[in-house]
Every structure is written in structure tokens, then in C-alpha cells.
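Student: from the sequence below, what's the structure:
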Amino acid sequence: MRFWIAAIALFVLGVLGWYSGYAKEAKGQLRCEGAGAVVINVDGNDYAVNGMAGSRYPPIERIWNSATYPGTDIDRILTRGLTLCDW
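Tutor: Numbering: from 1, shown residues only. From the prediction side, this is the model:
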């Protein structure tokens, strides 16, 4: 089950990267830390997807926001991450 969740999360990230208005390729690895901290690693840097990860990592909005990726839905990434956390 976790394999499929991870595969879906990577697919979503690939689609988000393809959809960017700047034709940048975004690849990332989504993971859960502890009791529910969702973290994404993009280009070797970790970013917090939710508040539980916010005390240890910079927010994902630094790289994905409405100006750089207008079609990005961070809530979908958060949902996939929380699924990895078995929430």
C-alpha cells in the first residue's frame, strides 16, 4: 500500500512540475517524519509541507507559490504526505 501511495505522490509532483508556467522540471520526494510532519525534498533541499514540519524546515511556499507555480495545489501534496503518516 505504501508503495502505491509513494508512486502516486511522485506522479503528482511530476505533473506539478510539468504544469509550471516556466517549464521547470520539479522532482521531489515526499516523506513523513514523526507523528505527522510532512516534508518534501526538492533538489536536495527539505521543505515543510505542514505546520508540524515548519519548526525544522523552511515552508514549501518558498519554492511553490502562486507566482512561480500558479496551478499548484499544495493541499493535495499535504494529503498524500499525511497518507504516508497513516493519518
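Student: point out where the protein drops to low pLDDT.
Tutor: Within the chain, the segments meeting pLDDT under 70 span 1-26, 65-72.
Student: residue ranges of the helices in it, please?
Tutor: Counting by DSSP state H, the chain has helices at residues 2-19, 74-84.
Student: name the helices or strands packed onto the shortest one?
Tutor: If I follow you right, that is helix 74-84. helix 2-19, strand 28-33, strand 37-42 (3 or more Cβ pairs under 8 Å, 6 or more residues apart in numbering; DSSP states H and E). Placement of C-beta: from N, CA and C, glycine included.
Student: residue 86: how many residues sit nearby?
Tutor: Here the number of neighbours of residue 86 (other Cβ atoms under 10 Å) works out to 10.
Student: ignore what I typed, I meant residue 59.
Tutor: Look at residue 59: counted by other Cβ under 10 Å, it has 16 neighbours.
Student: surely it and residue 46 touch.
Tutor: No: taking contacts as Cβ atoms under 8 Å, residue 59 lies outside contact range of residue 46: 11.1 Å.
Student: leaving out sequence neighbours, find the closest residue to residue 29.
Tutor: residue 41 (4.6 Å; Cβ to Cβ, 6 or more residues apart in numbering).
Student: actually, residue 28.
Tutor: That would be residue 42: by Cβ to Cβ, 6+ apart, it lies 4.1 Å from residue 28.
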